[in-house]
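Q: Turn this into a structure:
(4 chains)
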Number of protein chains: 2
Amino acid sequence: MSRAPDDPPAPPAKGDLHAMVTTLSHVARRAGVGQSTVSRVLRNHGSVSQATREKILKAAADLHYVPNRIAGTLASMTSKLVGIVIPSVGNTVVPEVLAGVNAVLEDAGFQPVIGVSNYDPQREEMLIESILSWRPSGLLVAGLEHTERARGMLKGCGVRVVEMLDIDGAGVDMVVGTSHHAAGRASAQYLLGRGYRRIGYVGHDIRSDLRAGKRLEGFRQVMAEQGLVILDHEFSPHRGSSVEGGKIGVAALLDRRKDLDAIYFSNDDLAIGGYFHCVENGISIPGQLALFGYNGLDIARLTPQPLSTIRSPRIAMGKSAAELLLAGGPAQVVDMAFELIPGATS
Amino acid sequence: MSRAPDDPPAPPAKGDLHAMVTTLSHVARRAGVGQSTVSRVLRNHGSVSQATREKILKAAADLHYVPNRIAGTLASMTSKLVGIVIPSVGNTVVPEVLAGVNAVLEDAGFQPVIGVSNYDPQREEMLIESILSWRPSGLLVAGLEHTERARGMLKGCGVRVVEMLDIDGAGVDMVVGTSHHAAGRASAQYLLGRGYRRIGYVGHDIRSDLRAGKRLEGFRQVMAEQGLVILDHEFSPHRGSSVEGGKIGVAALLDRRKDLDAIYFSNDDLAIGGYFHCVENGISIPGQLALFGYNGLDIARLTPQPLSTIRSPRIAMGKSAAELLLAGGPAQVVDMAFELIPGATS
DNA sequence: CTGAAAGCGCTAACAG
DNA sequence: CTGTTAGCGCTTTCAG
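A: Presented below is the predicted three-dimensional model:
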């Protein structure tokens, strides 16, 4: 009843993570050919006679052979893995960028290995190291700000890296994103252009979401150029974006300053929350109060009054980033234009 | 000026995907010890004298050594990779499940390898094969419905798999989710209990989103038990969920049937769209028309009138799924209870 | 406590 | 067109 030690297992033992599985050599033996021939056929690389090709394909199918890319990667020194480091997954923005990235990667036969930093630079540093240890053929990371050591690793890892979402700052290699500083400026110019002067701000944690901070900075800059300042602000305690934070934030802000004529939000979620607060409390929009967001979320243009906001090309950004990564080419910065959507709330 | 062929490269050549990188043996040589000792120290496994340990750690740091887990995985036959197959990323639901999954995986030092099927069974099958080729130590897949071949691969792959989100059907191994059939039933019972009888349905593509189909089936079943039927329905042409689809769908539905007293939606996005339509058109909620969704999205409880809906424990589901996967244990079905949220729209 | 040696499963020359 | 032979970089006995 004993099997030769090298036989392919009949049904691999379930529950054992390291169950023996059919390998290339099993297929080779079964087809009565050498391993390299099997390898050639399976990778469609090199020429093999139609007869042996079919014999091999049949043997592989019979044995339910699934190639071991770990071994393949080690042997060929080229992996079909791409590392991705993002700050969160909850946010609407990131999934859309990922969708764009994924579309491109999948077409090229690459598999993403993902790490989520939770907006923590230390965690990001660890993730980068961890992902790099899988020897991906490229790395996609969100944002331009990293720890010293993380930047060093990105520079020295020997593979291309694309920093996504933001272009306001120095990149390690390639950069694909929008200028949040410019978006903030555009928002302020728009509001000031419409005559609003008594402006408040409702945002989330700007220390962790650096891009929101850059928008605010741009916004303030334009106001300062007109000799104006943001009259009051409220920071939502919620990590990341939150409709509820906007609702609460606006309530608190208006409680302190009843004379505001506009509120600038760090994103659409907050702005929608603020909008709901106004609707519930009979504050007329934009007559009594104007609202301006950021992101251009779908839902924000479908509220009874479409939100004034700025939309960034998230899917396109993800696609471009992935394409650039796979294509190689010189280090460069790709500025993906954003679009200001006037809406009906300002 | 020539270097020994095996020296660690000063700065790895940038732009070459296969740039030579420092390896274990470089570290070993630099520390003046054997490779196995370095391996022991780096993995904190086996005993090594404090002196050599420090020597090795220093050498590794000096050379910016990043271990090659591809090689490690091959040698040890145990990977720290977990495969994840999901139908989409755009949806609010999936990112939250992923957040739960990720929290657990990261704590255990695992890295997720993700594939997105776009609700296409064929694509899912390919993804499963592709991901399996990375020899993950476990697989997390969404849903219970797969192609014949996909099921075969899941069964025969030799690693544990957890099917997430749904428990209405036969699983391959472990299953963690909620009963969508029961959710549909609960929704119908709730609406009928409140006296609504003339009910319509607005949904998205039920052929690709099987779970939405199961909810509808449960809903219909309860109605049938009372001798009732869904009077009319409208299917949004949008793939997946969409606020806009709900807006348009409700408009179309009400256009045909002005006598409806309630609408059941396949999810909250659609329901919110429907809600906006009503607000904009002066249809009083729930007096004239009641609305009921599914998902329990944050935003749905923050609209001026909180939406009546059912919330599934998405983060918890992700966590449980990942924990179960890593823990091993017997095949089982974990029914994560959902919660019916009454809201103010019904 | 430490080193040498034998692979892990596959790819990539190199012969034939 | 096909088989043989070295590794890829690491882990893991097995001696010392």
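Q: For the residue of the stretch 151-300 of chain A found nearest DNA strand D, give its distance to B:Asn68.
A: Nearest to DNA strand D in the stretch 151-300 of chain A, going by C-beta to the nearest atom of the strand, is A:Gly158, at a distance of 10.8 Å. In this view, the C-beta of every residue, glycine as well, is placed from N, C-alpha and C. Relative to B:Asn68, A:Gly158 is positioned 12 Å away (C-beta to C-beta, to the nearest Å).
Q: Same question for A:Ser266.
A: Taking C-beta to C-beta as the measure, A:Ser266 and B:Asn68 are separated by 41 Å.
Q: Which one of those two is surrounded by more residues?
A: Per other C-beta atoms under 10 Å in any protein chain shown, whichever of A:Ser266 and B:Asn68 has more neighbours is A:Ser266, with 31 against 19.
Q: Report the contact partners of that one.
A: Neighbour list for A:Ser266: A:Tyr201, A:Val202, A:Gly203, A:His204, A:Ile206, A:Asp209, A:Ala212, A:Arg215, A:Leu216, A:Ser241, A:Tyr294 [criterion: C-beta atoms under 8 Å, 6 or more residues apart in numbering or on different chains].
Q: Looking at those residues, which gets the smallest pLDDT?
A: In terms of pLDDT, the weakest of the contacts of A:Ser266 is A:Ser241, which scores 54.
Q: which phi and psi does A:Phe235 have?
A: phi -110, psi 120 (degrees, to the nearest 10).
Q: Return the closest of the contacts of A:Ser266 with respect to A:Leu81.
A: A:Asp209 (28.3 Å; C-beta to C-beta).
Q: picking that back up, please enumerate the shared neighbours of A:Gly158 and B:Asn68.
A: B:Val21.
Q: on contacts alone, who are the packing partners of the helix or strand containing A:Leu254?
A: Assigned by DSSP states H and E, A:Leu254 falls within helix A:243-256. Applying 3 or more C-beta pairs under 8 Å, 6 or more residues apart in numbering or on different chains; DSSP states H and E, one finds that helix A:243-256 contacts strand A:199-203, strand A:232-235, strand A:262-265, helix A:268-280.
Q: do that again at 6 Å, thanks
A: On a contact count with 3 or more C-beta pairs under 6 Å, 6 or more residues apart in numbering or on different chains; DSSP states H and E, helix A:243-256 meets strand A:199-203, strand A:232-235, helix A:268-280.
Q: partners of the shortest one, with directions?
A: When sheet partners are counted by DSSP bridges, strand A:232-235 sits next to strand A:199-203 (parallel).
Q: The strand it pairs with to helix A:243-256, inter-axis angle?
A: Relative orientation of strand A:199-203 and helix A:243-256, computed by axes from the mean of the first three to the mean of the last three C-alpha atoms, to 10 degrees: 150 degrees.
Q: tilt between strand A:199-203 and helix A:268-280?
A: 120 degrees.
Q: Quick check: of the contacts of A:Ser266, which lies closest to DNA strand C?
A: For the contacts of A:Ser266, the nearest to DNA strand C is A:Asp209 (42.3 Å; C-beta to the nearest atom of the strand).
Q: Could you spell out which stretches of chain A belong to which domain?
A: A:24-62, A:81-178+A:314-338, A:180-311 (automatic domain parsing).
Q: Mind putting the ones you listed into CSV with distance to DNA strand C?
A: Converted to CSV, the domains of chain A look like this (distance: least, C-beta to the nearest atom of the strand, whole Å):
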stretch, distance to DNA strand C
domain A:24-62, 3
domain A:81-178+A:314-338, 12
domain A:180-311, 40
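Q: and of those, who's closest to B:Leu231?
A: Taking C-beta to C-beta, domain A:180-311 is the member of these nearest to B:Leu231, at 25.7 Å.
Q: related to what we said a few turns ago, closest one to A:Val41 among the helices and strands packed on helix A:243-256?
A: Closest to A:Val41 of these is helix A:268-280 (C-beta to C-beta; 52.1 Å).
Q: contacts for the closest one?
A: A:202, A:241-247, A:250-251, A:265, A:285, A:291, A:293, A:295, A:297, A:300, A:307, A:309, B:302, B:304 (C-beta atoms under 6 Å, 6 or more residues apart in numbering or on different chains).
Q: any idea how far A:Ala51 lies from DNA strand D?
A: 6 Å (C-beta to the nearest atom of the strand, to the nearest Å).
Q: again with A:Arg69
A: On the measure of C-beta to the nearest atom of the strand, A:Arg69 and DNA strand D end up 12 Å apart.
Q: Now do the helices for the stretch 101-250 of chain A: every range, in order, please.
A: A:121-132, A:148-156, A:180-193, A:210-225, A:243-256 (DSSP state H, counting those that start in this stretch).
Q: need the contact list for A:Leu98.
A: Per C-beta under 6 Å, 6+ apart, neighbours of A:Leu98: B:Val89.
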